[in-house]
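Novice: sequence and predicted model, in that order:
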Amino acid sequence: AQLLGDPCTLLIVRDLLTGNKRFKDFESSLAPMSSRTITNKLKRLEEKKILTRTEFKERPPRVEYALTKEGKALGGLIEEMRKYGKKFL
């Protein structure tokens, strides 16, 4: 509940349910949230094994985020929250 009680965390997982994302994708989706806040949330989700961060050895450097098996399992919870919101809110 501590990890998922934060709206930013749920939005990051929601975005990743559709596929891998780069940092700029989160900046666009989560605006006007600060880059620092997004970075901190991504690090926390990586520490908790909800997502992975992959660095590609390219010029310019590229980093992608993806859900782990555990992260993908949250999809059902997010879908149920969406259904609840549509029905009651």
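Specialist: Perfect, I can see it now.
Novice: what pairs with the nearest residue to Leu16 once chain neighbours are set aside across the strands?
Specialist: Distances taken as C-beta to C-beta, 6 or more residues apart in numbering place Leu67 nearest to Leu16, at 4.7 Å, with adjacent residues excluded. C-beta: built from backbone N, CA, C; applies to glycine. On the basis of DSSP bridges, Leu67 is bridged to Leu51.
Novice: which SS class is the spatially most central residue of the chain?
Specialist: Central residue of the chain (C-alpha atoms, centre = their mean): Ile12, 2.2 Å from the mean position. Following DSSP: H, G, I helix; E, B strand; the rest coil, we place Ile12 in the helix state.
Novice: not counting sequence-adjacent ones, nearest residue to it?
Specialist: Nearest non-adjacent residue to Ile12, counting by C-beta to C-beta, 6+ apart: Lys41, 6.0 Å away.
Novice: which strand or helix spans the one you found?
Specialist: Here Lys41 sits within helix 35-47, counting by DSSP states H and E.
Novice: Thr9 - how many residues pack around it?
Specialist: Neighbours of Thr9 under the rule other C-beta atoms under 10 Å: 19.
Novice: I should have written Pro61 there, sorry.
Specialist: With other C-beta under 10 Å as criterion, Pro61 counts 8.
Novice: which helix or strand contains the nearest residue to it once chain neighbours are set aside?
Specialist: In space, not counting the residues next to it along the chain, Pro61 is nearest to Glu55; the distance is 6.8 Å by C-beta to C-beta, 6+ apart. According to DSSP H and E, Glu55 maps onto strand 51-56.
Novice: could you check the angle that strand makes with helix 35-47?
Specialist: Computed by axes from the mean of the first three to the mean of the last three C-alpha atoms, to 10 degrees, the angle separating strand 51-56 from helix 35-47 equals 110 degrees.
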